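Colleague: Fold the following.
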Amino acid sequence: MARTDNDTWEITESVGATALGVAAARAAETESDNPLISDPFARVFLDTVGDGVWNWYEAPELPAEVVEAEPELPARMRSLVDYFASRTAFFDTFFLDATRAGIRQAVILAAGLDARSWRLPWPDGTTVYELDQHRVLEFKSSTLRDHEPTCNRVEVAVDLRHDWPTALLQAGFDASAPSAWSIEGLLMYLPAAAQDLLFARIQKLAAAGSRIGVEALAPNFADPDAIAQRRERMERVQELMAKVDPQRQVPRSDQLWYFEEREDVGEWLRRHDWDVTVTPADELMARYGREPAKDVEQAAPWNLFVSAQRT
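Modeller: Have a look, this model is predicted:
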């Protein structure tokens, strides 16, 4: 599904389907022999929607013909699961550190199928605002209706390309009190101008002492050579799978991304009076014992994990 201005989606379509793909990776990690994270709700979401392109990370082993033609593919898939597990652990720790510092407002932008409102041990009095499109939030809340959140969870059904600050304030957010913000799995789905606007809006809402955690895009994200290499590799895999196992779809979330040059997130935050720490993805993964495969070029995204506090 091609992106258009003001496009919307069901959970099984477009950007919604990518949320299911990440849930599949979290489920695979949760159910592994030595899990880094625990997200039992990921499996609930997957069982609700059934099979689809999102099951790529937990499907049966790849056909031998595909592995023979693309010998690095299994290691790439494993490294991506490790990447998503490390990303999840990073944001889990970010929010828990913020609450230990006394922050009692959390904002999850593009919440998708993030189940932190149910699975993290939020302190009493914590309110978590989840922002996303109406149909995505509706799917999540209806699927988990038999489970109680561990916080005061507030849905804010709004498209982040629209006036979400007004919707957030109307939902009860207090801009005079410190808050913790997460931007996870989002920036690649925004044009560069929309990214600038997103951070400008956060700047107006985040009081002194607020914190932000960001999955920032790789420095080479918009590099034409890197884009061409990624697309060529995925097209080869698609063609192979179509011949060997036509029923198994290969995810192409990159077709939904905006490959545009944009300002470095860490530098933007520093210019706006935030104390910033930046950790490259490979360092983060190694810290969690999930170092990417060394014999596979760019086995995991070269993204940057940014944590910052407003002074």
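Colleague: Identify the residue nearest residue 215 in space, chain neighbours excluded?
Modeller: Excluding its sequence neighbours, the residue lying closest to residue 215 (Cβ to Cβ, 6 or more residues apart in numbering) is residue 184, at 5.1 Å. Quick note: C-beta positions are derived from backbone N, CA and C, even for glycine.
Colleague: how about the one you found, what does it touch?
Modeller: Shown in contact with residue 184 (Cβ atoms under 8 Å, 6 or more residues apart in numbering): 87, 91, 108, 110, 114, 213, 214, 215.
Colleague: Residue 73 contacts residue 63, doesn't it?
Modeller: No. Residue 73 is beyond contact range of residue 63, at 10.6 Å (criterion: Cβ atoms under 8 Å).
Colleague: Okay, and residue 305 sits in which element?
Modeller: strand 304-310 (DSSP states H and E).
Colleague: Adjacent strands (with direction) for that strand?
Modeller: strand 211-216 (antiparallel), strand 274-280 (antiparallel) (DSSP bridges).
Colleague: what does that strand rub up against?
Modeller: 87, 90, 94, 206-219, 265-266, 269, 273-281, 284.
Colleague: ok, of the residues you listed, which come out buried?
Modeller: 87, 90, 94, 206, 210-218, 265-266, 269, 274, 276, 278, 281, 284 (16 or more other Cβ atoms under 10 Å).
Colleague: Surely residue 57 touches residue 81?
Modeller: Yes. Using Cβ under 8 Å, residue 57 makes contact with residue 81 at a distance of 5.6 Å.
Colleague: Spell out which residues are contacts of both of the two.
Modeller: Joint contacts of residue 57 and residue 81 (Cβ under 8 Å, 6+ apart) are 25, 28.
Colleague: residue contacts, residue 297?
Modeller: So residue 297 contacts residue 72 (Cβ under 8 Å, 6+ apart).
Colleague: Helix, strand, or coil at it?
Modeller: Under DSSP: H, G, I helix; E, B strand; the rest coil, residue 297 falls in the coil class.
Colleague: Confirm for me that residue 43 is in contact with residue 29.
Modeller: No. If you go by Cβ under 8 Å, residue 43 and residue 29 don't touch, sitting 11.3 Å apart.
Colleague: quick one, which of these two is more surrounded?
Modeller: Set residue 43 next to residue 29 and count neighbours by other Cβ atoms under 10 Å: residue 29 wins out with 25 against 17.
Colleague: Nearest residue to the more buried one in space, ignoring adjacent ones along the chain?
Modeller: residue 85 is the one closest to residue 29 (Cβ to Cβ, 6+ apart), at 4.2 Å.
Colleague: so is the one you found in a helix, a strand, or just coil?
Modeller: Put simply, residue 85 is helix when judged by three-state DSSP.
Colleague: Relative to residue 16, how far out is it?
Modeller: 21 Å (Cβ to Cβ, to the nearest Å).
Colleague: pretty sure residue 272 is touching residue 204, no?
Modeller: No. Using Cβ under 8 Å, residue 272 is not in contact with residue 204; the gap is 10.6 Å.
Colleague: okay, these two: which has more neighbours?
Modeller: Remark: of residue 272 and residue 204, residue 272 carries more neighbours, 14 against 8, as counted by other Cβ under 10 Å.
Colleague: who's in contact with the more buried one?
Modeller: Residue 272 neighbours (Cβ under 8 Å, 6+ apart): 199, 203.
Colleague: In contact with the residue nearest the centre of the chain, which residues?
Modeller: Computing the C-alpha centroid of the chain and ranking residues by Cα atoms, centre = their mean puts residue 185 first, at 2.7 Å. Counting by Cβ under 8 Å, 6+ apart, residue 185 touches 18, 19, 22, 87, 110, 112, 215.
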